[in-house]
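[1] Sharing a model prediction with you, sequence too.
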Amino acid sequence: MLCVNCVTFVFMDVAIEPSWKKALESEFSKPYFEQLVSFVKSEYQSHPGSIFPKGNEIFRAFEACPLDDVKVVILGQDPYPTKGHAHGLCFSCEPHVRPLPKSLKNIYKELQSDLGINPPESGDLNAWAEQGVLLLNATLTVREGQPESHAGKGWELFTDAVINTLNEKKSNVVYLLWGSKAQRKAENVDPNKNLILRAPHPSPLSAHRGFFGSKPFSQCNEYLKRVGLQEIDW
C-alpha cells in the first residue's frame, strides 16, 4: 500500500465506498484520473499538513452516503482551506470549529427560518449524510489558504461523473443547487424525474439575493414525502 499522509489511493485501487466504486470503476482507469492521482499525491508530499481534508477523508462523502441511499444532493465548490475545518463533506466542518464558517451559519439561519430549527452549535453535517444527503464538493482537495488551488486538475471531471451516475441510476433525488457553479454542475440532471431547487449561494456576498427565504429544507421534505421517501431530519 502506498500511503502519503494516508491518501486514499492504493496505486489505482481507489479506496472508496463499494457501491460507488462499482458505479465509477470506469473513471479510475482514465488518463485524467491517473494524472489527478499523481497531482494529489505530490501535493500531500510537498505540502505536508497543508492539504485538506486529511487523505483518508477525501472520499468521506461517499462513505457516509452510499449510492443506493442518496435522496438529496448538496453541491459545494471545494473544501474549506482553513486548517482543522474540512473533513470531506461540503459545507460541513469538524465539530470543534468555532466560529462556524460564514456560509454554514447562513445555511443554519435559513434552516431556522424555514423549519424553526434552532441553529446547532456544531458544524458537523454527518447526521445529514447518514440520512441520504450526499454532501459533494466539485473539487475534493485544496491547499491551505488557497481556495480553488486544486481546481482544474481533474476533480471536476470525476465529480461530473458522479452526478451523471446519479442521474442515470437514481430518480426522485432532490438537488439543492446553491450558486451558479453548483447549478452549472448539475445542468444535465433530468428535471422530469428529480426535483431541482436553485438558489443563490449562502455566502455572505450572495445569501441576501435570494438564498434567504428560498425554503429549501421544507420543499425538499415535501417532495420526499410526496414520492414515498423518508423525510430528512434536518
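    Happy to help now that I have it. Numbering: from 1, shown residues only.

[2] going forward, measure contacts between C-alpha atoms and count neighbours the same way
    Fine.

[3] So, low pLDDT: which residues of the protein?
    Where the chain drops to pLDDT under 70, the residues are 1-12.

[4] Let's see that with 80 instead.
    Within the chain, the ranges that satisfy pLDDT under 80 run 1-13.

[5] hey, what's the residue nearest to the spatial centre of it bridged with?
    Taking Cα atoms, centre = their mean, the centroid of the chain lies closest to residue 136, which sits 1.5 Å from it. As for beta bridges, residue 136 partners with residue 75 under DSSP bridges.

[6] close enough to count as contact, it and residue 76?
    Yes: with contacts counted by Cα atoms under 8 Å, residue 136 reaches residue 76, the gap being 6.0 Å.

[7] shared neighbours, those two?
    By Cα atoms under 8 Å, 6 or more residues apart in numbering, residue 136 and residue 76 have these common neighbours: residue 90.

[8] So which residues make contact with stretch 148-164?
    So stretch 148-164 is contacted by 24, 27, 32-33, 35-36, 39, 77-78, 137-143, 185-186, 188-189 (Cα under 8 Å, 6+ apart).

[9] now swap in stretch 17-27 and tell me
    So stretch 17-27 is contacted by 14, 33, 62, 63, 66, 67, 68, 158, 161, 162, 165 (Cα under 8 Å, 6+ apart).

[10] contacting residues for the second one?
    I take that to be residue 33. Contacts for residue 33 (Cα under 8 Å, 6+ apart) come out as 27, 154, 158.

[11] Compute the first-to-last residue distance for stretch 67-80.
    24 Å (Cα to Cα, to the nearest Å).

[12] Buried ones in it, by neighbour count?
    Neighbour-count burial for stretch 67-80, counted by 16 or more other Cα atoms under 10 Å, picks out 67, 70, 71, 72, 73, 74, 75, 76, 77, 78, 79, 80.

[13] out of those, who's nearest residue 212?
    Nearest to residue 212 among the buried residues of stretch 67-80, counting by Cα to Cα, is residue 74 at 16.3 Å.

[14] Wait, the closest one touches residue 175, no?
    Yes: in this structure, residue 74 is within contact of residue 175 by Cα under 8 Å, at 6.2 Å.
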